[in-house]
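In: Model the following, please.
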Amino acid sequence: NQIASIIHQHPDWTAVRIAEYLNLPYQRVSRAKLALQKDAKVDDSPPVSAAQAAHHNLKVSDGHGFKNLLSESYRIKTVQEALEKADVNVSEWEVKSSEITSWEASVKVREGNTERVEVIPMFRIKINLIKREIKIDEVISDLFMDIRTEKPKYTPKYKKSSSGNMFEIALFDLHIGKLAWGIEVGERYDIEIASKSAINAVHDFLDRTAHEKIEKILFPIGNDLLHIDTHLGTTTKGTRVDFDSRPTKAFTAARQLYASLIRDMNEIAPIEIITVPGNHDYMSSLHLAHVLDAQFDSSKYVSVDISPCPRKYRRWGTNLLGFVHGSKDDPGMKTLPLLMAEEVKEDWSNTEVREWHVGHYHKKKELNFIVGDSANPIYIRTIPSLSTADFWHFQKGFINSGQAESFMWNKKSGLIGQWIHRAKKEENPA
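Out: All right, here's what the predicted structure looks like:
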């Protein structure tokens, strides 16, 4: 009731002051205050020092989608003060329930050579928090508002090339949203660092191939581009991971980053974007592809493959390229060559250079297989990752290479160039 609430908020107020504040009869307030004092817990423990009384006991326990907070102090009197003291992000967490109880404690106060005992009110605040639900309609509205304001009308500056060269830029396993603490794993990683690493890699590749005549750019996206796939901060299958900030913030950062990279690449040649969903971002990568498709739908120089198929194939002259993420939910390495021969029979029979490009393992690796009596082996390239290892991977000894790769494919000659970009380590690991 009102009286109990005021007493909890202002334990030093007299019954007269409370009665005046609430415009209630003094007798009613006095009886209510006496009843509450009888029910209140009395601390019979010996008096403690002022320093001990000033100590704030704060406990926070985390669970899957919930957080419990317990505060005991004479300074912290309200739920809001407890949330601020615990540094709770109220845009991410909401209060499901709370309870405030108070009791009196004896405190020793020293003045010069004398010591006296004072009685002060103590407060115990229990708060149950749950993750705020993301309002998808608001997120989509914000995203498409950005798209409407940024939507470009392209007039390419380059001259159309008929060189027969296709430039593939492979930024696999970027894991935007991953959080790594440098002191713990040797390198920092967050949304800002991931974005900067991707920009540096793409600009490096474009600078190093500035002398080449490029007819087309192939840009695979997905492959764990995003670190999580749900509003609870988990992967597609529900695995909890170390995550930087809000899921919607990571998605927005990814959209802005890739829209910017696409514009940069489009200064060189037309672009084809293909989507390869990963085990961290199966749905989010497809959603991002749809958003990019909407953003660039007015440009005939940018095409986005929004097909939900987890495997993609692209033929370029005598080259046949297959793309799959490579996690345990995907076909095994030894299965991929025959799968390519079966799924794209016509392209298989009309090409001589055949490769699979897979991610997931965050390190560079190459395998080759002979299928039947074919004279040409099939290469399976594991594309490295620019991202840093998080704590779980670091603890297991899985250290990332911090690299990205790009390839130049000629319609007649096959692979004619390959470039590796090595990410710069952050100078301050903290």
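In: Please report how far the residue nearest to Asp244 when sequence neighbours are not counted lies from Leu288.
Out: Closest residue in space to Asp244, ignoring its immediate chain neighbours: Leu179 at 3.9 Å, by Cβ to Cβ, 6 or more residues apart in numbering. For the C-beta atoms, the positions are set from N, CA and C on the backbone; glycine is no exception. The spacing between Leu179 and Leu288, counted by Cβ to Cβ, to the nearest Å, is 20 Å.
In: what does Thr335 give?
Out: Counting by Cβ to Cβ, the gap from Thr335 to Leu288 is 28 Å.
In: Comparing these two, which shows the higher neighbour count?
Out: Counted by other Cβ atoms under 10 Å, Thr335 and Leu288 do not tie: Leu288 has more neighbours, with 24 against 10.
In: Any chance of the backbone angles for the more buried one?
Out: phi -60, psi -40 (degrees, to the nearest 10).
In: show me what contacts it?
Out: By Cβ atoms under 8 Å, 6 or more residues apart in numbering, Leu288 lies in contact with 221-222, 225-226, 251, 254-255, 258, 275.
In: next one: phi and psi at the nearest residue in space to Val358 that is not next to it in sequence?
Out: Spatial nearest neighbour of Val358, chain neighbours left out: Gly326 (3.4 Å); criterion: Cβ to Cβ, 6+ apart. Dihedral angles of Gly326 (phi, psi; degrees, to the nearest 10) stand at phi 100, psi 10.
In: just the one 3 residues further on next, same as before
Out: Main-chain dihedrals, Asp329, degrees, to the nearest 10: phi -80, psi -10.
In: Assess the claim that it and Asn279 are in contact.
Out: Yes - at 6.2 Å, Asp329 and Asn279 qualify as touching, with contact defined as Cβ atoms under 8 Å.
In: More neighbours: those two, which one.
Out: Legend: neighbour count by other Cβ under 10 Å for Asp329 and Asn279, higher for Asn279 (20 against 13).
In: Make sure the more buried one is indeed in a strand.
Out: No - Asn279: not assigned to a strand; according to DSSP: H, G, I helix; E, B strand; the rest coil it is coil.
In: which residues sit in contact with it?
Out: 224, 235-237, 325, 327-329, 360.
In: can you pull out the helices in the protein?
Out: Secondary structure of the chain (DSSP state H): helices at 2-9, 15-22, 26-39, 50-54, 79-85, 136-150, 182-185, 191-208, 247-266, 282-295, 336-343, 345-349, 391-396.
In: Give me the helices and strands touching the longest one, please.
Out: In this structure, helix 247-266 makes packing contacts with helix 136-150, helix 191-208, strand 216-222, strand 271-276, helix 282-295, judged by 3 or more Cβ pairs under 8 Å, 6 or more residues apart in numbering; DSSP states H and E.
In: what do you get for the last one?
Out: Contacts of helix 391-396 with other secondary structure elements, assessed using 3+ Cβ pairs under 8 Å, 6+ apart, are made with helix 182-185.
In: tally of neighbours for the residue nearest to Val358?
Out: If we define neighbours as other Cβ under 10 Å, then Gly326 has 26 of them.
In: residue contacts, it?
Out: Applying Cβ under 8 Å, 6+ apart, the residues near Gly326 are 333, 358-361, 382.
In: repeat that for 6 Å
Out: 358-360 (Cβ atoms under 6 Å, 6 or more residues apart in numbering).
In: and what of Leu70?
Out: 59, 126.
In: Name the residues linked to it by a beta bridge.
Out: Lys59, Lys126 (DSSP bridges).
In: gap between it and Arg124?
Out: Computed with Cβ to Cβ, the distance linking Leu70 and Arg124 is 7 Å.
In: Now for this structure, the helix or strand with the poorest mean pLDDT.
Out: strand 41-42 (a mean of 47; mean pLDDT, DSSP states H and E).
In: Was I right to think Arg131 contacts His64?
Out: One correction, residue 131 is Lys, not Arg. No - contact criterion Cβ atoms under 6 Å: Lys131 and His64 do not qualify, at 9.2 Å.
In: out of those two, which sits in the more crowded spot?
Out: Neighbour count, other Cβ under 10 Å: between Lys131 and His64, Lys131 has more, with 15 against 10.
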